[in-house]
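>>> return atomic coordinates for the entry below.
(chains A and B)
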Amino acid sequence: MKPKRIFVYTILLMIAIQNLTGQRSISVYNVDFKSSELCLTGELFTPDQIIDGTTYFNSEWLPGDIYLLNGEVVRNKLIKYNGSLDELFWQEPKSKNVIKLDKEAILQFHFQNLDGDSTVYFRKIKVKKNPLAESSEIFGQVVYEGSLSLFVLHTYKTAGTELIRKNGILFEKTNYVAEPVYIFRSANNKTFVAKSLSRKRLYEFSPDNKDKIKEFLKANRTSGYPDNFYLKRLTIFLSSIVNQ
Amino acid sequence: MKTIIPSLLILFICTCPVKAQNKVYSEKSEKVWLQTDKNVYIAGKNIFFTMYLKGSTNQMSKYAYLILRDRYNFPVSRARMEIKNQTSFGNIFLPDTLHSDVYQLVCYTNYIRNEGENSYFTKEIIILNRFDKKLERFDSTVYINPSANSASIDSVNKAEDENLFIRPDKKIYGIREKVNFSIDAGNIQDDSIIKVSVSVSEIVPGSQNEPSVSDCFRNTDKAKKAGESGQNQYKYEPEIKGTIIDGRIMPVRHSDSQPDFIKRDDKTDTISYTVLVSTPDTIANMQYTTADSSGSYRFLLNPYYEGKELIIRLKENARAVIDLDDKFKLFQPYVPSDFLNGPDIRSYLIRSLNISEVQRYYTEKDETSTGKKIENSSAIPRVYYRPNSRVFPADYLPLPDFVEISRELLPALKVRKINDNYVSSYIDTQNKGVPGIEPIIFLDGVPINDVNQIINLGTNEIKRIDLLPVIRYYGEMPLPGILAVFSKNLEINNIQFTTPSIRYQVISGQNFTKPEHYVPVNNNHIPDLRQVLLWDPEIKMHNKEKLQIECYTSDLHGMYRISVQGITSKGLPVNGSAIITVKSKSD
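The predicted structure follows:
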């Protein structure tokens, strides 16, 4: 009985001491500079049309970090990204208003936890949407970074309209279908853009390595939209055949 | 009973650390120490210094403050030092109008201020004016640094606690001879990089060893607990991330009315005063914070504002003034120590004056080299990036005032006269603006109170107008539209704010400067009258290492002290010294 009791008291003592020393380390420098810290800037989002919920990369507000062009990081803000509008939204905590953030200030943003995945980063990259237009800046998801990097643009195309009745009023609703764009960018800024990752399209990436690509696709079959693991494997593979 | 005794024992043991927590402050407090190249200076020359900081490893201040004050407590010079790896170095230029007298150097960090001025580093130096031939101030009493006393020059000894071994190749040198000495750190157990500053300077007669960096950092007797000084209005935080600005909104009492101090939110019974900070610029910029229930506010100042003139004002109207904590304010008066007199020191000072007189004819000025400043991310805190529309009034016919400009050139903006005042608002074209509510107006990058302050500006005065007729957010602050006007001649300087405001010049960080090393020239007939043979504020060495240093003696005979002070990257103070003598062959 006695040793048991001594053991219990020792444990209690240890917990108590740990708690107290823990308090000590935070008691001195607990300063709240929140309001004077670097601010996110943006415009109150009041869309002219109803935004289709499916065009949001994340349907729920998620905590994320926003990396600004000046090197500052604004952490732990509730954010949402809309691929159709290519805009990052912030839920202002006081008013709960939706703020469309100034894209000019943002370098990249990061979702802290997207369904358990803490590696989801979006970076602003320059893309030429068509040969006649000037290049524009768009947020692309960083799927893989290496000697060959892969960015995915979460774009959408319209798939017709339908009339829906809401509160007795008829609305014309535009339906969207995801149309991701894959951008492979090598270290020397050579870019290969693909809307599909079909065998034919990948042959265009490296016409001299058709056999190897065929072999890779045979070994890594996918159906529907490829997931990030497949995209990473594919990028590493393409990187390896380019560097050979 | 059996269970009560052990329980009480646990409770007792638990309360011990709680009591110990009260001492955390002093345990985690910082200490600064300053080494100067010498102790006697001539007005018009530079004081070179190295500063060392000791504190909690990961939470150390990034800035220190240095004041040089005279006996009347007038700050002759002030500097803000950026601290890089626990050290900082640089120079203070001494205005040539300074009187011959004893002065005090005071150095501290914002965090040290909590412990009262007794915890500040202080050091007395003598500054001589070259036109003051009589040195009357030193007639009856001569002051020298506080550690000095009337010991004779022969009694100059090494400090007892030295942990660096300084070994000169000789004890006696001739004039213009190379001096080689080694710094041996073999005794340092701390396995880290050592940063030292080295001074080889003429010993002031009658002076003893100054307290070393080791003396200072080991001696915690002077340290006071927080609040003991009784002078502190604020609890000062360590400036780890950047410059902190503390202040308070002080009520102005009128005899006929109650003080209109704080606007309270009826629902939450909290104060909602907002303090805005900005600087005149070609970009609308701002930082804001909210005052607490006592009217106190605090900014972590954006590095962009360093070295700039800030306009700090209340967003809301109030009968109050904005008080700003002056980091350079010292409460305790400086009382010079007066314990040294005698013919030796006076003749030394006269000799120093004569030397400076001769040097003036041969040498143009002290050469200093500037090191790199710490690069802060200094992006301007922009309120917006791209305006919805931008107008350059000079592209149009001249218009006399802003009413006309708004009518002719800014269709989205309405400026109306109500009674004797003008009111502006955006036209709500797409339900995006807020009609009737005045947009936030910026003049030359600074938020002003209302459109009346710019109403007289015409085309000739205005360079550019940016319009954002939408509700915007700057952090958590909603802005009901933005109108930014940029004038040709910084009209913001002529604006009278209707809400409490102050202007404040932020002192930028001190450059990391050091004198150019002396390089001997063959057959040089110019007299070499250097009293400081070497000043190197920053030498890096590893422990167990032996570092060889060389310098050259001048034409001046006398005794010189090699003083090496420093700190390891783990915070262990290191110091060492040696004495050398310079004699000519005829001696």
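>>> need phi/psi at B:Tyr348.
B:Tyr348 adopts backbone torsions of phi -70, psi -40, taken as degrees, to the nearest 10.
>>> what helix or strand is the closest residue to B:Asp450 other than its chain neighbours located in?
Of all residues not flanking B:Asp450 in the chain, B:Glu438 sits nearest, at 6.0 Å (CB to CB, 6 or more residues apart in numbering or on different chains). The C-beta positions use only the backbone N, C-alpha and C, and glycine is treated the same way. Counting by DSSP states H and E, no helix or strand carries B:Glu438.
>>> quick check: B:Glu438 vs B:Asn285, distance?
Distance of B:Glu438 to B:Asn285, computed by CB to CB, to the nearest Å: 20 Å.
>>> one step back: doesn't B:Asn452 make contact with the residue nearest to B:Asp450?
No. When contacts are counted by CB atoms under 8 Å, B:Glu438 is not listed as touching B:Asn452 (10.3 Å).
>>> quick one, helices of the chain?
All of this is about chain A. A:2-27, A:199-205, A:210-219, A:228-243 (DSSP state H).
>>> not quite, I wanted chain B
B:4-21, B:24-28, B:213-218, B:343-362, B:402-409.
>>> what residues does the third one touch?
So that's helix B:213-218. B:31, B:33, B:35, B:52, B:54, B:121, B:159, B:161-163, B:565-567, B:573-575 (CB atoms under 8 Å, 6 or more residues apart in numbering or on different chains).
>>> can you do 7 Å?
B:Lys31, B:Trp33, B:Tyr52, B:Lys54, B:Asp161, B:Gln565, B:Gly566, B:Ile567, B:Pro573, B:Asn575 (CB atoms under 7 Å, 6 or more residues apart in numbering or on different chains).
>>> need the contact list for the first one.
Residues counted as contacts of B:Lys31 (CB under 7 Å, 6+ apart) are B:Lys54, B:Cys216, B:Phe217.
>>> spell out which parts of the stretch 51-200 of chain B neighbour chain A.
Applying CB under 7 Å from any CB of the partner chain, we find that the stretch 51-200 of chain B lies next to chain A at B:Gln59.
>>> the longest strand anywhere in chain B vs helix B:402-409, what angle?
Longest strand in chain B, counting residues (DSSP state E): strand B:462-474. Counting by axes from the mean of the first three to the mean of the last three CA atoms, to 10 degrees, strand B:462-474 points 80 degrees away from the direction of helix B:402-409.
>>> so does strand B:462-474 get close to chain A?
Yes. Counting by CB under 7 Å from any CB, chain A is contacted by strand B:462-474 at B:Val470, B:Ile471, B:Arg472, B:Tyr473, B:Tyr474.
>>> which one of those residues sits closest to chain A?
B:Ile471 (4.0 Å; CB to the nearest CB).
>>> verify the stated contact: B:Asp246 with B:Lys327.
No. Using CB atoms under 7 Å, B:Asp246 is not in contact with B:Lys327; the gap is 8.7 Å.
>>> quick one: low-confidence parts of chain A?
A:1-3, A:10, A:12-38, A:244 (pLDDT under 70).
>>> repeat the analysis, applying 80 as the threshold.
A:1-38, A:48-50, A:70-71, A:128-134, A:166-167, A:171, A:221-225, A:242-244 (pLDDT under 80).
>>> quick one: pLDDT of the residue nearest to B:Asp450?
What the model reports for B:Glu438 is a pLDDT of 86.
>>> ditto for B:Leu66
pLDDT, read off for B:Leu66, is 96.
>>> any idea what it is bridged to?
Legend: beta-bridge partners of B:Leu66 under DSSP bridges are B:Ala79, B:Cys107.
>>> quick check: it touching B:Cys107?
Yes. With contact defined as CB under 7 Å, B:Leu66 counts as touching B:Cys107 (4.9 Å).
>>> what's the burial count for B:Arg167?
14 (other CB atoms under 10 Å in any protein chain shown).
>>> same thing with the one 10 residues further on?
Summarising burial for B:Glu177: neighbours were counted as other CB under 10 Å, giving 13.
>>> and the closest residue in space to B:Lys241 that isn't next to it in sequence, what are its bridge partners?
Among residues not flanking B:Lys241 along the chain, B:Leu300 sits closest, at 5.9 Å (CB to CB, 6+ apart). Counting by DSSP bridges, B:Leu300 is bridged to B:Ile244.
>>> my guess is B:Leu300 contacts B:Gly242, does it?
Yes. B:Leu300 lies in contact with B:Gly242 (CB under 7 Å); the separation is 5.6 Å.
>>> between the two, which has more neighbouring residues?
Neighbours per residue (other CB under 10 Å) separate B:Leu300 from B:Gly242, with B:Leu300 holding more: 23 against 17.
>>> measure that one to B:Leu353 for me?
47 Å.
>>> before we move on, what about A:Arg233?
Taking CB to CB, one finds A:Arg233 at 80 Å from B:Leu353.
>>> quick one: which of these two has more around it?
B:Leu353 (19 against 15).
>>> what's the burial count for B:Val76?
18.
>>> ok, now which ones touch B:Met60?
Counted by CB under 7 Å, 6+ apart, B:Met60 has contacts B:Glu30, B:Leu53, B:Gln86, B:Pro238, B:Ile240.
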